[in-house]
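Participant: With the sequence up front, the predicted model follows.
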Amino acid sequence: MLTQEQTQEIKKQIIQQIEKTFPDDKKEFAKQQIISMNSEQLEQFLRQNKLIKEQQTSGDPKTQENIFRSIVNREISSYKIDENKNCIAVLEINPISKGHIIIIPKEPVLSADKLPKQAFSLAKKISKKIKSKLKPKEVLISSANVLGENIINILPVYEHETFSSERYKAEEKELLEIQKKLEKKIRKKIFKKKKETTKILRLPKRIP
């Protein structure tokens with residue numbers, strides 16, 4: 001069950017999305033529907049929209065698996081930028097600004113103070129790359145609790161963006177372009193073919 005804090009945060013994000021994408025004559029009705037939902041109804045809404053799914057597991061009847069687990073397990077596609085042993089960095093598909101990235105621990109982290117150091121080191125590494133490639137004024141890094149898990153947001157600031165600023169639906173073309181600029185390049189090892197040497201057989205001298 002979602003906590004009150006999680007419910008309010010998710011409602012806020014959905015309402016921002018409604019403001020951005022819904023026709024003017026349908027915005028108010030849609031927002032009121034979201035506002036009136038309790039935690040249980042919101043959870044059901046998230047499942048119906050495939051943001052939370054139920055998964056059968058051995059030993060347990062049914063456990064909820066949120067969208068972050070699906071990304072980590074590669075069950076849904078994402079725009080990966082980088083990863084290390086403990087976490088994966090992907091582009092936010094409903095970003096606040098261009099190049100907004102989230103870092104997801106590969107194992108669920110339920111408390112902010114339990115976030116692995118590797119998550120923050122990856123965030124700093126990506127932040128430097130964002131500054132170099134996208135040229136924002138600054139890059140903000142902050143942890144957040146979403147759907148019961150703690151993740152890290154990396155937010156490029158071009159004007160006056162903050163973590164509470166309005167989000168927008170990013171087009172695939174934009175996401176692919178940013179991914180190409182920021183993703184970790186895998187260096188291919190070049191193996192030089194060894195020069196073949198012809199062995200000369202030295203025969204013993206002929207004995208007369």
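Facilitator: Nice, I can see it. Numbers count the residues shown, from 1 in each chain.
Participant: for this structure, which spans come out with low pLDDT?
Facilitator: Within the chain, the segments meeting pLDDT under 70 span 1-2, 49-65, 186-208.
Participant: OK, contacts around S142?
Facilitator: Counting by CB atoms under 8 Å, 6 or more residues apart in numbering, S142 makes contact with 152-153, 155, 163. For every residue, glycine as well, the C-beta is placed using N, CA and C.
Participant: Nearest to I93, out of those: which one, please.
Facilitator: Checking the contacts of S142 against I93 by CB to CB gives N153 as the nearest, at 13.4 Å.
Participant: Buried among the contacts of S142? Need that as a selection in PyMOL.
Facilitator: The PyMOL selection below is limited to those of the contacts of S142 classed as buried (16 or more other CB atoms under 10 Å):
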select buried, resi 152+153+155
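Participant: now the contacts of S142 as CSV including secondary structure and distance to E75?
Facilitator: CSV is the format used below for those (DSSP: H, G, I helix; E, B strand; the rest coil; distance: CB to CB, whole Å):
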residue, secondary structure, distance to E75
I152, strand, 21
N153, strand, 22
L155, strand, 26
F163, coil, 27
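Participant: Which one of the contacts of S142 is nearest to P108?
Facilitator: I152 (13.9 Å).
Participant: Could you check what's spatially nearest to the closest one, not counting adjacent residues?
Facilitator: Among residues not flanking I152 along the chain, I103 sits closest, at 4.1 Å (CB to CB, 6 or more residues apart in numbering).
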